[in-house]
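Asks: I'll drop the sequence and a predicted model, then ask my questions.
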Amino acid sequence: MKIAIDTTIFRDYDIRGIYPSQLNEQTYYIIGRSLVQYLNPHVVAVGHDARLSSPTLTESFIKGITDSGCDVVNLGLISTEMTYFASGKYDYPVCAVISASHNPAEYNGLKIVLRKVVPLHGQFGLPEIKQFSLAQAFPTPPKKGTVTKRSILDEWVVHLLSLIDVAKIKPLTVVVDAGNGMGGLAWEKLKDRIPIKLIPLYFEPDGRFPHHLADPLKEENLQDLRKKIIETKADLGFAHDGDSDRMFAVDDKGEIISGTLTTAILATHLLKKYGPNPVLYNVVCGKIVPETIRSLGGTPIRVRVGHSFTKEAMKKHNALLAGEHSGHFYFKENYFADSSTLAALHMLEYRSIENVPLSEIVARFQKYSSSGEKNFKVVDTAQVIQTVKTVCNDAQSTDEIDGLSIWYPDYWFNLRASKTEPLLRLNLEGDTKEIMESQLGRITAIISKFLSPQK
């Protein structure tokens, strides 16, 4: 008897849905069997986050793999960035992590990467696994696979420390908000290995996320971090998302540093450290990023949004760094994979070398005025994008690398459909605040004609 599979859980970047209505233990068993049928690996490394559903989903996923005759290395409780490390460092044919990243507690998901952190996504791998999951015509293997356990946390921390100059780190006071996700695991180990005073917030992994949602892209989830920085007179702070592959920094004045500005700062640090190299940035990042890269002899390359596409482009261009406005930062020295903790450590290193308040460093890059991300629920995203394109036919230039980007002499914007939510996303940047607000009003007025009816 076939198990019903909700095909909507197969997304552009990963597998994700609400537990147990969209995905459950039976789903994960079938996906485990399908993964082996499609990829035929001899071993799969599996880890999971702290969501309440993750242990039983992991157990079922592992059973599906071993029932297909494949061995499993159980990595236990880990972050997504540690999954990428395992893939790059230990050369496992397949690594998978059961996690729903920054989504609310009722969600869970699955990210899968092949050897050397090659991700499966909506154009590669996931469609095939979906088809095997629907068919459920699994062969009987000659024997079942075995399960062994392995802890990689200590080796992950050694790897992180090998990529920075610990001797340059100054005795800064640093607040870290792990949001009851996976980010605290590494910091607990790091705090005695680097000369900082660490003030932890919500380090205990708790899949209920009792203090706030582990999604630092939303400003309301950064309020505790901002308050603690001001209260303790800390030098800076970092917030991680639920699976610790995204990071947002907050300066000594409690001001949130955008992903764009963080990308520009990291590019400055790494280009000075390693010399001219290609640096990638996604279509949502502001103009200061390519300007900064060029000023230091680097080659700026603009790419579409999404971790799977960025990893592919990183390898293609042998890029030193990639930054996304959403808080993902990718490093050549980290197997071309994203790491929130490594991004934070590089920020610490650069702040220590410059030896001035982080707010002063940020001010150097605060050249333009950004709207931040504005989200709209519309009936037909393609229709809205085409309408905006027609209205803006007098633009200086346009491209459709990801959604629609339009440039005028004193402002630009990107309009794209979300791959993870039923939303149209607008990011607009102007040379001044007045220009930004004026043009944001103009573009918003066009989009507003197409809003979905309120339920």
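Replies: That came through fine.
Asks: quick one: low-confidence ranges for the stretch 151-300 of the chain?
Replies: By pLDDT under 70, the stretch 151-300 of the chain has no low-scoring segment.
Asks: quick one: the helices in it?
Replies: Using DSSP state H, counting those that start in this stretch, the helices of the stretch 151-300 of the chain run over 153-162, 184-190, 223-232, 259-274, 288-295.
Asks: Please apply the same query to the stretch 351-455 of the chain.
Replies: 358-365, 381-391, 433-448.
Asks: Show me the one of these that comes nearest Arg150.
Replies: Nearest of the helices of the stretch 351-455 of the chain to Arg150, taken as C-beta to C-beta: helix 358-365 at 37.2 Å. C-beta here means a position set from N, CA and C on the backbone, and glycine is covered the same way.
Asks: The helices of the stretch 151-300 of the chain: which one's closest to Thr27?
Replies: Proximity to Thr27, assessed across the helices of the stretch 151-300 of the chain by C-beta to C-beta, is greatest for helix 184-190 (26.9 Å).
Asks: Give me the contact list for that closest one.
Replies: 77-79, 82, 153-154, 156-157, 160-161, 176, 178, 198, 200, 202-205, 244, 341, 345 (C-beta atoms under 8 Å, 6 or more residues apart in numbering).
Asks: Weed out the non-buried ones from the residues you listed.
Replies: The neighbour-count criterion (16 or more other C-beta atoms under 10 Å) marks 77-79, 82, 153, 156-157, 160, 176, 178, 198, 200, 202-203, 205, 244, 341, 345 among these as buried.
Asks: Out of the helices of the stretch 351-455 of the chain, which is closest to Ser53?
Replies: helix 381-391 (30.8 Å).
Asks: quick one on the thing from earlier: Serialize the helices of the stretch 151-300 of the chain to JSON lines and add fields for distance to His325.
Replies: Shown next, in JSON lines, are the helices of the stretch 151-300 of the chain (distance: least, C-beta to C-beta, whole Å):
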{"stretch": "helix 153-162", "distance to His325": "24"}
{"stretch": "helix 184-190", "distance to His325": "24"}
{"stretch": "helix 223-232", "distance to His325": "19"}
{"stretch": "helix 259-274", "distance to His325": "4"}
{"stretch": "helix 288-295", "distance to His325": "9"}
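Asks: Would you mind telling me which of the ones you listed is nearest Lys449?
Replies: That would be helix 259-274 among the helices of the stretch 151-300 of the chain, by C-beta to C-beta, at 28.9 Å.
Asks: hang on, the earlier thing: please identify the most buried of the helices of the stretch 351-455 of the chain.
Replies: Burial of these is given as mean neighbour count (mean count of other C-beta atoms under 10 Å); helix 358-365 ranks first at a mean of 18.
Asks: Can you give the domain ranges for the protein?
Replies: Following automatic domain parsing, one finds the domains of the chain at 7-152, 171-254, 258-366, 369-448.
Asks: just so I know, which of those lies nearest Asp165?
Replies: Of all these, domain 258-366 sits nearest to Asp165, with 6.4 Å by C-beta to C-beta.
Asks: That closest one spans what distance, first to last residue?
Replies: Length of domain 258-366, first residue to last, C-alpha to C-alpha, to the nearest Å: 10 Å.
Asks: next one: it to chain centre, how far?
Replies: With C-alpha atoms, centre = their mean, to the nearest Å as the basis, domain 258-366 stands 14 Å off its chain's centre.
Asks: cool, stretch 419-437 as well?
Replies: Worked out by C-alpha atoms, centre = their mean, stretch 419-437 lies 20 Å from the chain centre.
Asks: gap between the two ends of it?
Replies: 27 Å.
Asks: list the buried ones in it?
Replies: Across stretch 419-437, burial judged by 16+ other C-beta under 10 Å covers 419, 423-431, 435-436.
Asks: In this model Arg51 seems to touch Asn103, though I could be wrong.
Replies: No - the criterion here is C-beta atoms under 8 Å, and Asn103 misses it with Arg51 at 9.1 Å.
Asks: Looking at these two, which one has more neighbours?
Replies: Ranked by neighbour count (other C-beta atoms under 10 Å), Asn103 and Arg51 place Arg51 first, with 27 against 23.
Asks: looking at it, Val44 is touching Pro93, isn't it?
Replies: Yes - counting by C-beta under 8 Å, Pro93 is a contact partner of Val44 at 7.3 Å.
Asks: between these two, which one's more packed in?
Replies: Using other C-beta under 10 Å, the more surrounded residue of Val44 and Pro93 is Val44, with 26 against 15.
Asks: next helix or strand past the helix or strand containing the more buried one?
Replies: If you go by DSSP states H and E, Val44 is part of strand 43-48. On the C-terminal side of strand 43-48, the closest following helix or strand by DSSP H and E is helix 54-66.
Asks: so that following helix versus strand 43-48, what angle?
Replies: Angle between the axes of helix 54-66 and strand 43-48 is 170 degrees (criterion: axes from the mean of the first three to the mean of the last three C-alpha atoms, to 10 degrees).
Asks: What are the buried residues along helix 54-66?
Replies: 54, 56-66.
Asks: same thing with stretch 284-303?
Replies: 284-290, 292-293, 296, 298, 300-303.
Asks: for Phe124, what are its contacts?
Replies: Ser308.
Asks: how about it, phi and psi?
Replies: When read as degrees, to the nearest 10, the backbone of Phe124 gives phi -150, psi 110.
Asks: can you tell me how far it sits from Tyr335?
Replies: Plainly put, Phe124 is 18 Å away from Tyr335 if you go by C-beta to C-beta, to the nearest Å.
Asks: just Arg11 next, same as before
Replies: For Arg11 relative to Tyr335 (C-beta to C-beta), the value is 23 Å.
Asks: neighbour count winner among the two?
Replies: Using other C-beta under 10 Å as the criterion, Arg11 and Tyr335 rank with Tyr335 on top: 21 against 15.
Asks: isn't the more buried one right up against Lys116?
Replies: Yes - contact criterion C-beta under 8 Å: Tyr335 and Lys116 qualify, at 6.5 Å.
Asks: ok, the strand holding Val44: who's next to it in the sheet?
Replies: Note on strand 43-48: by DSSP bridges, its sheet partners are strand 71-77 (parallel), strand 94-98 (parallel).
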